[in-house]
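Participant: Below: sequence and its predicted model.
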Amino acid sequence: MTERFFKLSENKTDVKTEILAGITTFMTMAYILIVNPLTLSVTGMDFGALFTATALSAIVATLVMALVANLPFALAPGMGLNAFFAFSVVLGMGVSWQFALTAVLLEGIIFIILTFLNVREAIINSIPLALKKAVSVGIGLFIAFIGLFNSGIVITGMSHVGDGKLDGIPVTLGNVVGGSALLAIIGLLITGFLLIKKVKGALLIGILATTAIGIPMGITQLPEGFQLVSAPPSLAPIFWQFDFSEIFSMRMLVVLLTFLFVDMFDTVGTLVGVATKAKMLDENGKVPRAKQALFADAVGTTIGAILGTSTVTTYVESAAGVSEGGRTGLTALSTAGMLIIALFLSPLFIMIPAAATAPALIIVGLFMMSPIKDINFEDFTEAIPAFLTIVMMPLTYSIAEGIVFGMVSYVVLKAVTGKAKEVSPLAYILAILFIGKFFIH
């Protein structure tokens, strides 16, 4: 039954590979179960309820991805989008978190409508093949940077010197002879050794081994007591908490448009980048079952708002599972299963430090570089947009901004060099909208 439903043989995979891939994806994204509640709780939302909402929204969305789209991608409340929710909207604009949740609900409903109208799928298909390959590479650098920074191998060199001014260099080397950075480097060497020896599940084994080594180093914090199994906290403080009083206000429109833009192109970028790395694009360079994948994202965002959390999006850490051989919805189903377990074993999963998942993210960054060799660097109308796509993702800490710079430069360079016919009409429309976005902000 599993074989027939997920078409494992057709996708050249098997049950063991898919389950290992799903667990690996979970291990690299499990941090969101704690980071999302920490981020959103600054608004006054209940931390325990946020933990439950984060897990449940991820479970629902990932199950839809597994059972409807049959793709190996996991979903959860997105980083960046949660920070925008908490700091820019609630704290920055001085509105209630109920107001922000209402914007997320509207975003999810709009995405469901756009998905059924094939608008989001058309946007994915309008991205040129060269940029699709560049997106994969850019996401690889982005993931690697996240791993390096979260572990402390690289740190910010900027410091305040008065009057709000900053001095120093943006990024510098951290203390690599001690603490989290040293543990991450040890984990990187372990994972690298396992990969060289072609050990199945190298990334997952690396995460577990690094977590264990972190115990005597004082970095992996063992949960107190023996009550590892516990019922998840109640959703009551944040469930169905909406404020529709300003639904037609200008500030609701501004917040809603920002959520829509960032989520749409983060999701598009992740789907394209990870699918490219997995060699899942069809002969026309299209993501298989993209409509169903986008539906999972839209449903997740809508359900997430009802449960009480920020925008749910496809997770870039899915690349870790793909790198372990995950090719079907069984990978996503396995990740959802781990999320369900995490609901009741939260202390156990909370103890995995960022330094233990960092090596997997860095290695996945390496894996995702491979499509760069298929980019035509002799044609500068292809090379320059591809390069901008690649470099802007880690430097702006945003997949969406990388796509913006890549698409606008692609359209402009093709148009002014007599190659306008190589650009689809929708790509022109997107470029104009992207340019307009800069002026709006």
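Facilitator: Good, I have the coordinates.
Participant: Confirm that Ala355 lies within a helix, as I assumed.
Facilitator: Yes: using DSSP: H, G, I helix; E, B strand; the rest coil, the assignment for Ala355 is a helix.
Participant: Strands of the stretch 101-250 of the chain, residue ranges please.
Facilitator: 154-156, 159-162, 165-167, 171-173 (DSSP state E, counting those that start in this stretch).
Participant: export those strands to a markdown table and tack on distance to Ile143 and mean pLDDT?
Facilitator: C-betas here are computed from N, CA, C, even on glycine. Output for the strands of the stretch 101-250 of the chain, formatted as a markdown table (distance: least, C-beta to C-beta, whole Å; pLDDT from 0 to 100):
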| stretch | distance to Ile143 | mean pLDDT |
| --- | --- | --- |
| strand 154-156 | 14 | 90 |
| strand 159-162 | 27 | 69 |
| strand 165-167 | 26 | 72 |
| strand 171-173 | 16 | 90 |
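Participant: Highest mean neighbour count out of the ones you listed?
Facilitator: Compared across these, strand 154-156 shows the largest average neighbour count, a mean of 15 (mean count of other C-beta atoms under 10 Å).
Participant: thinking again about what came up before, Gln221: which of the strands of the stretch 101-250 of the chain is closest?
Facilitator: Nearest to Gln221 among the strands of the stretch 101-250 of the chain is strand 154-156 (21.2 Å), distances taken as C-beta to C-beta.
Participant: on contacts alone, who are the packing partners of that closest one?
Facilitator: In this structure, strand 154-156 packs against helix 129-151, strand 171-173, with contacts taken as 3 or more C-beta pairs under 8 Å, 6 or more residues apart in numbering; DSSP states H and E.
Participant: Just checking: what are the partner strands of the shortest one?
Facilitator: Looking at strand 171-173 with DSSP bridges, its paired strands and their directions are strand 154-156 (antiparallel).
Participant: Show me how far the partner strand is from its chain's centre.
Facilitator: Relative to the centre of its chain, strand 154-156 is centred 21 Å away, using C-alpha atoms, centre = their mean, to the nearest Å.
Participant: Show me what counts as buried in stretch 388-396.
Facilitator: 388-395 (16 or more other C-beta atoms under 10 Å).
Participant: picking that back up, pick the most deeply packed of the helices and strands packed on strand 154-156.
Facilitator: helix 129-151 (a mean of 25).
Participant: Alpha carbons only: can I get that one in CSV?
Facilitator: Extracted in CSV, the C-alpha atoms of helix 129-151 (Å, rounded to 0.1, in the frame of the first residue of the first chain):
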residue,chain,number,x,y,z
LEU,A,129,15.5,27.8,-15.6
ALA,A,130,18.9,29.5,-14.9
LEU,A,131,17.4,31.4,-12.0
LYS,A,132,15.8,28.1,-10.7
LYS,A,133,19.3,26.6,-10.5
ALA,A,134,20.6,29.8,-8.9
VAL,A,135,17.9,29.7,-6.3
SER,A,136,19.1,26.3,-5.2
VAL,A,137,22.7,27.5,-4.9
GLY,A,138,21.6,30.7,-3.1
ILE,A,139,19.5,28.7,-0.6
GLY,A,140,22.5,26.5,-0.1
LEU,A,141,24.7,29.5,0.9
PHE,A,142,21.8,30.8,3.0
ILE,A,143,21.4,27.5,4.9
ALA,A,144,25.1,27.2,5.5
PHE,A,145,25.2,30.8,6.8
ILE,A,146,22.4,30.0,9.2
GLY,A,147,24.3,27.0,10.5
LEU,A,148,27.6,28.9,10.8
PHE,A,149,26.0,31.8,12.6
ASN,A,150,23.6,29.9,14.9
SER,A,151,26.6,27.8,16.1
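Participant: avg pLDDT for it?
Facilitator: Helix 129-151 shows a mean pLDDT of 85.
Participant: Could you list every helix and strand in contact with it?
Facilitator: Where contact means 3+ C-beta pairs under 8 Å, 6+ apart, helix 129-151 is packed against strand 154-156, helix 179-196, helix 250-277, helix 318-323, helix 354-367, helix 380-396, helix 399-416.
Participant: Output the below-cut-off pLDDT ranges for the stretch 1-150 of the chain.
Facilitator: 80 (pLDDT under 70).
Participant: could you redo the last one with a cut-off of 90?
Facilitator: 1-5, 7-13, 27-39, 41-42, 47-48, 78-95, 114-116, 118-147, 149-150 (pLDDT under 90).
Participant: Which stretches in it count as helices?
Facilitator: Taking DSSP state H, counting those that start in this stretch as the criterion, the stretch 1-150 of the chain carries its helices at 2-6, 15-29, 32-40, 47-64, 81-83, 93, 97-116, 119-126, 129-151.
Participant: list the buried ones in the third one?
Facilitator: The one in question is helix 32-40. 32-37, 39-40.
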